[in-house]
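Visitor: I need the structure of the sequence given here:
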Amino acid sequence: MEFKNLMAEGDFKITSVNLGEDHGTLNMRGKLPGFGDVWVDYTLTPGHGDDAHARGMVTADGRALAEDGTMLAGKIAGVWRRDGGDLRMITLDDVSNGDQVIVHVEADLRADTAHLKVYKID
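Guide: Numbers count the residues shown, from 1 in each chain. This is a model prediction of the structure:
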C-alpha cells in the first residue's frame, strides 16, 4: 500500500512490553520532526479467530513534547500484522493540535526497535 503526504518519520525504541491474557502493550519512545519527543503506548488485541496472534486491532495513546514546550496528545486506532519478529501497524491518529494523520509503524520485536512514518490526511 502506498501512502502520500509524508510529514515526519523517525526511529523509536521499544522501552517495554507488557503481556496480558488477551492483549499485549508495546511502550515506545522516539523523536519525530515537527512533533519533538514522542511517547506511545500501543495495545494490541488479536483478531477474531487468530490463535497465532498474528493480526488484529491496535489502540493507543500518545504524547509529544515539542521543542517549544508544547505538549500534544493523540488518540490512536488501527490494525496490526505480525510475521515472525516483524510487526507492522497502520493507525489513524487524532492529535490535539487538530492534525489527523496515518502512521505506518514497522517494528523489529527482537531488536526492540521501530520506524514510524507519519502521513498527513488532506
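Visitor: chain center to the helix or strand hosting Lys117: distance?
Guide: Using DSSP states H and E, Lys117 sits in strand 113-120. Offset of strand 113-120 from its chain centre (C-alpha atoms, centre = their mean, to the nearest Å): 7 Å.
Visitor: stretch 79-96 spans what distance, first to last residue?
Guide: Distance across stretch 79-96, first residue to last, is 22 Å (C-alpha to C-alpha, to the nearest Å).
Visitor: could you number the chain from 4 rather than 1 from now on?
Guide: With 4 as the first residue, the last one maps to stretch 82-99.
Visitor: residues of that stretch that come out buried?
Guide: The neighbour-count check on stretch 82-99 (16 or more other C-beta atoms under 10 Å) flags Trp83, Arg85, Leu90, Met92, Ile93, Thr94, Asp96, Val98 as buried. C-betas here are computed from N, CA, C, even on glycine.
Visitor: one more: stretch 8-17?
Guide: Ala11, Phe15, Ile17.
Visitor: list of residues touching it?
Guide: By C-beta atoms under 8 Å, 6 or more residues apart in numbering, the surrounding residues in contact with stretch 8-17 are 29-38, 41, 43, 104, 110, 112, 115-125.
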